[in-house]
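Peer 1: just a sequence and a predicted model for now, questions to come.
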Amino acid sequence: MRSTSPAETFPAATPAASQIFTTVLSHGPLTRSEMAERTGLSAAAVTKAVRPLIEAGYLVEDTDEEARRALGRPANPVRVEGGRALFIGVKVTGDELIGVLTDLCCRIRVARHVPLPDRAPEPVLAAIADLVRELLTEADGFGVPVLGLGLAVSGDVDRAAGTVRYSPFLEWRDVPLAELAAMTTGLPVTVDNDVRALTVAEQWFGAGVGLSDFAVVTVGAGIGCGLVVHGQVVAGAHGVAGEIGHVAVDPAGPPCHCGNRGCVEAIAGDTAILAGIREATGVQVADSAQALALAHRGDAGARAVYARAGEAIGRGIATVANLLGPELVIISGEGLAAYDLFAEQIRDAFAAAAFGSAARCDVRTRPLPFEEWARGAAATAIQSFITTDRNQPYPTRS
């Protein structure tokens, strides 16, 4: 790994400064009075927070000279200078790494896909190091530093410790990934669950901007859920908040790898759907593409399996709505390729199981390729860099 420059410190000495910056990042450009209104801070606190961020080049004040001459001294909007710094995000799947180089506003500048022939931690770490080296070389052309690396991994991830406790698809247990990756890359590293990382990106830069309560549900190899409650992405006391894939919706259903029966994932995950179609049709479909093709040709058994999957997903989403009352649920993931086969069942099951006003929750689909999941990893690195309280990875935002 090539040498990296000494770590740069974000010039936000107080939580208020971090709050101001994240507000402008998600909602800007904003005038100082608009910042005060959105954050509830005083005008003096806003001015104090903004000044060092402008001096360090992280915020830029846009001056409209023509408006100044016509109106005296109007309030000038302030925006984030996206080109001030770069970040790397890597999404780890079972068979490839997806890496992105983003700017400070989490706009993707470069994207790379690398095959992953071996899932063991050591070769995966070596592949991550190679990919990061390649992206660092790309970053040289932008003339600004890379200030953080975010890694997104499926499963039970302890972000504060930087440890992958358990990833069923990688077959990892208790891997100190942040520490190992920092040693091999020389960068500050943030490691998080992949769905939570995607949720951070949606909260700060995507469909969740401005919402205090929403959820991201992903369908595909597993069934994941990221939760934003009162403006915070929540992990729970043990880091597993949002595991709707292991909500039991059919006590007599198929066994799940978690040890229970009838979990959403045991009915609607890719592996479960393939097994269900093989059993229902006798056709030995090898992958999701073959399963989809069979269902789209009108095979009744295959279509019934997808319908059952949609019902399970809808009931799982209703559980989230009943417990937390989000304004929005975003459905994403590679499983959306089959959405036309189970959309009606998702809607019907959600409507039947959602209680009272929880049924008013807006449920919408948002196809997000794996580059967006890697962008989510970069978003967690940006978040770690600009958050003053390193013990609180999910800062409150207005």
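Peer 2: Received, thanks. Residues are numbered from 1 along each chain as shown.
Peer 1: got the contact list for stretch 26-41?
Peer 2: With contacts defined as C-beta atoms under 8 Å, 6 or more residues apart in numbering, stretch 26-41 is touched by 16, 19-20, 23-24, 42-43, 45-47, 49-50, 62, 75-80, 203-205, 209-210, 397-398. (Glycine included, C-beta is placed from N, CA and C.)
Peer 1: hmm, try it at 10 Å
Peer 2: Outside stretch 26-41, the residues within contact range by C-beta atoms under 10 Å, 6 or more residues apart in numbering are 16-17, 19-24, 42-50, 59-62, 74-80, 105, 203-206, 208-210, 397-398.
Peer 1: residue 281 touches residue 302, doesn't it?
Peer 2: Yes - in this structure, residue 281 is within contact of residue 302 by C-beta atoms under 10 Å, at 5.8 Å.
Peer 1: which residues do the two both contact?
Peer 2: Taking C-beta under 10 Å, 6+ apart as the contact criterion, the residues that touch both residue 281 and residue 302 are 291, 294-295.
Peer 1: these in helices, which ones?
Peer 2: When the shared contacts of residue 281 and residue 302 are checked against helices using DSSP state H, the ones located there are 291, 294-295.
Peer 1: so which of the shared contacts of residue 281 and residue 302 comes closest to residue 374?
Peer 2: residue 291 (26.2 Å; C-beta to C-beta).
Peer 1: and the pLDDT at the closest residue to the closest one other than its chain neighbours?
Peer 2: Among residues not flanking residue 291 along the chain, residue 285 sits closest, at 4.5 Å (C-beta to C-beta, 6 or more residues apart in numbering). In this prediction, residue 285 carries a pLDDT score of 94.
Peer 1: likewise for residue 65?
Peer 2: For residue 65, the predicted pLDDT is 54.
Peer 1: same check on residue 237?
Peer 2: pLDDT recorded at residue 237 is 66.
Peer 1: likewise for residue 250?
Peer 2: At residue 250, the predicted lDDT confidence score is 89.
Peer 1: next one: the one 10 residues further on
Peer 2: Predicted confidence (pLDDT) for residue 260: 89.
Peer 1: try residue 122
Peer 2: pLDDT recorded at residue 122 is 96.
Peer 1: tell me which element it falls in.
Peer 2: Under DSSP states H and E, the secondary-structure element containing residue 122 is helix 121-140.
Peer 1: circling back to that earlier point, what sits against the residue nearest to residue 291?
Peer 2: 273-275, 277-278, 291-295, 302.
Peer 1: these, buried ones only, as a PyMOL selection?
Peer 2: Listed next is the PyMOL selection for buried residues among the contacts of residue 285, using 16 or more other C-beta atoms under 10 Å:
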select buried, resi 273+274+277+278+291+292+294+295+302
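Peer 1: so which pair among the contacts of residue 285 is furthest apart in space?
Peer 2: 275 and 293 (17.1 Å).
Peer 1: residue 271 - how many residues pack around it?
Peer 2: By the criterion of other C-beta atoms under 10 Å, residue 271 has 14 neighbours.
Peer 1: pretty sure it contacts residue 223?
Peer 2: No - counting by C-beta under 10 Å, residue 271 stays clear of residue 223, with 11.3 Å between them.
Peer 1: flag every buried residue along whichever strand or helix holds residue 305.
Peer 2: Secondary structure here is read from DSSP H and E; on that basis residue 305 sits in helix 300-324. Along helix 300-324, the positions that meet the burial threshold by neighbour count (16+ other C-beta under 10 Å) are 301-303, 305-321, 324.
Peer 1: repeat for stretch 255-262
Peer 2: Taking 16+ other C-beta under 10 Å as the basis for neighbour counts, the residues of stretch 255-262 that come out buried are 256, 262.
Peer 1: what do you get for stretch 325-338?
Peer 2: If you call a residue buried by 16+ other C-beta under 10 Å, then stretch 325-338 has these buried ones: 325-326, 328-336, 338.
Peer 1: which stretches of the stretch 1-150 of the chain form strands?
Peer 2: According to DSSP state E, counting those that start in this stretch, the stretch 1-150 of the chain carries its strands in the segments 59-61, 78-80, 86-92, 96-103, 108-115, 146-153.
Peer 1: can you redo these as a markdown table with mean neighbour count?
Peer 2: A markdown table is the format used below for those (neighbours: other C-beta atoms under 10 Å):
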| stretch | mean neighbour count |
| --- | --- |
| strand 59-61 | 19 |
| strand 78-80 | 19 |
| strand 86-92 | 29 |
| strand 96-103 | 24 |
| strand 108-115 | 15 |
| strand 146-153 | 28 |
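Peer 1: any chance of TSV for these, columns mean pLDDT and distance to residue 378?
Peer 2: TSV is the format used below for the strands of the stretch 1-150 of the chain (pLDDT from 0 to 100; distance: least, C-beta to C-beta, whole Å):
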stretch	mean pLDDT	distance to residue 378
strand 59-61	94	20
strand 78-80	95	15
strand 86-92	97	3
strand 96-103	97	4
strand 108-115	97	8
strand 146-153	97	5
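Peer 1: now for the helix holding residue 305, which elements pack on it?
Peer 2: In terms of contacts (3 or more C-beta pairs under 10 Å, 6 or more residues apart in numbering; DSSP states H and E), helix 300-324 is packed against strand 214-219, strand 223-229, helix 264-268, helix 270-281, helix 288-296, strand 328-332, helix 339-353, strand 362-365.
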